[in-house]
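>>> Build the 3D model from these lines:
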Amino acid sequence: MSQPQITIRTLQPGDAGWVIMQHGAIYAAEENYDSSFEALVARIVADFLDSNDPKVEAGWIAEAEGIRLGCIFCVRVDQTTAKIRLFLTVPEARGRGLGRQLLAHCMAFARSKGYRRMVLWTHESHKAACALYAATGWRMVASSPGHQFGVDVVDQEWEVDLF
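Below you'll find the model as predicted:
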């Protein structure tokens, strides 16, 4: 049986709440994060909705048959640097190349807007995401232990040159 066609579309009304809820629920279940993580995601989403520049920033939802499966955002850091935010795939959609599709879509958008480089922040425990970044040319440029969202973490910063 074939998988339903996945589409990647821009953010629409109603998607912001889904992004916040999915991040809160999935990270609580998989990483034991507390509600401070969901609060951070809510602030990031609110800031994006309040002040994004649609000429050089965007958020996308991946869906199949009207069911949301993932998301990714591209935000401006400065004239030459974009940042990936809120990259997520729901557990039932993993292992089908959706993360790779979302990442490629976001990177292509950044290139089309003239960004020369992209950066992101993640945690070492996100093994599949880190493997995807490494496989697509990203470099980890910083790593440091910390305590966030009620748990011990290892923060990582990654970057990639787009041209």
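>>> In three-state terms, how would the residue lying closest to Trp60 once chain neighbours are set aside be classified?
Excluding its sequence neighbours, the residue lying closest to Trp60 (C-beta to C-beta, 6 or more residues apart in numbering) is Ile8, at 5.1 Å. All C-beta atoms are positioned from the backbone trio N, CA, C, and that covers glycine. Three-state assignment for Ile8 (DSSP: H, G, I helix; E, B strand; the rest coil): strand.
>>> Contact partners for Ile8?
Taking C-beta atoms under 8 Å, 6 or more residues apart in numbering, we find Ile8 in contact with Trp60, Ile61, Ala62, Gln101, Leu102, His105.
>>> Beta-bridge partners for it, please?
In this entry, Ile8 is beta-bridged to Ala62, by DSSP bridges.
>>> per-residue pLDDT, it?
We have a pLDDT of 98 for Ile8.
>>> mind checking how far it is from Ile44?
Distance of Ile8 to Ile44, given as C-beta to C-beta, to the nearest Å: 20 Å.
>>> again, but for Glu38
From Glu38 across to Ile44, the span is 11 Å (C-beta to C-beta).
>>> On the three-state scheme, the residue nearest to Phe87 when sequence neighbours are not counted is what?
Nearest residue to Phe87, sequence neighbours excluded (C-beta to C-beta, 6+ apart): Ile72, at 4.6 Å. Three-state call for Ile72 (three-state DSSP): strand.
>>> Right, I'll leave it there.
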